[in-house]
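1. One predicted model, sequence on top.
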Amino acid sequence: MGQVAGHQTSTQASAYSFVDATPGPEATHYYRLRQVDLDGTSTFSPVRVVSLAAGSSPVQLAVAPNPTTPDNLRVQVQYAGTEAASATLTVRSLLGQTLLAQPVALQPGANVLTPALKLAPGAYWLGLSGGGTLGQQGVRVLVGN
């Protein structure tokens, strides 16, 4: 899923964070951490359960067609809010590398977003996030030739 570089010290407490870029539509997610020491030994944390309220976001995100082509990538967003909202459209590789973080304005109703990035053939994660009740939505997309 991802990695966070360590601070390479055990004499001071360190805080780390990581955002799951691909949470998927499931309502319940299971996470655990693996810590690898400098000598190569590793330990695992207990499993943590995160439950998301189904249907709690006013945003529905889709890519159609999917698979798509580099010249035809369109992100369809249905926004159920009553006022315009600011959000960020992100494109990430499946390794979690952020390739694009594009500010967008959502209007109530149907929105079609075009990422300002021409993608090479492959698989990607498109996400839309915003403050307030927008939360975070995402979808995997396949880009062909």
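-> Thanks, I have the structure now. Numbering: from 1, shown residues only.
2. how about the strands in this protein?
-> 28-31, 34-36, 42-44, 48-51, 59-63, 75-79, 85-93, 98-106, 109-113, 122-130, 135-143 (DSSP state E).
3. closest one to Val4 among the ones you listed?
-> Val4 lies closest to strand 34-36 among those, at 10.1 Å (Cβ to Cβ). Heads up, the C-betas are built off the backbone N, CA and C, glycines and all.
4. Show me what that closest one is packed against.
-> Counting contacts by 3 or more Cβ pairs under 8 Å, 6 or more residues apart in numbering; DSSP states H and E, strand 34-36 is packed against strand 42-44.
5. Show me what the strand it packs on is packed up against.
-> strand 34-36.
6. which neighbours does the strand it packs on have in its sheet, and in what orientation?
-> According to DSSP bridges, strand 34-36 forms sheet pairs with strand 42-44 (antiparallel).
7. Tell me which residues are up against the partner strand.
-> Residues from elsewhere that reach strand 42-44 (Cβ atoms under 8 Å, 6 or more residues apart in numbering): Arg32, Leu33, Arg34, Gln35, Val36.
8. got a list of what the first one touches?
-> When the contact criterion is Cβ under 8 Å, 6+ apart, the partners of Arg32 are Phe44, Ser45, Pro46, Val47, Arg48.
9. got any ranges where the protein has weak pLDDT?
-> 18-27, 51-57, 132-134 (pLDDT under 70).
10. Same list, the strands of the chain, but as TSV with mean neighbour count and distance to Gln8 please.
-> Putting those into TSV (neighbours: other Cβ atoms under 10 Å; distance: least, Cβ to Cβ, whole Å) gives the following:
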stretch	mean neighbour count	distance to Gln8
strand 28-31	11	24
strand 34-36	10	11
strand 42-44	9	15
strand 48-51	10	25
strand 59-63	18	39
strand 75-79	18	40
strand 85-93	19	26
strand 98-106	14	24
strand 109-113	13	40
strand 122-130	20	30
strand 135-143	18	31
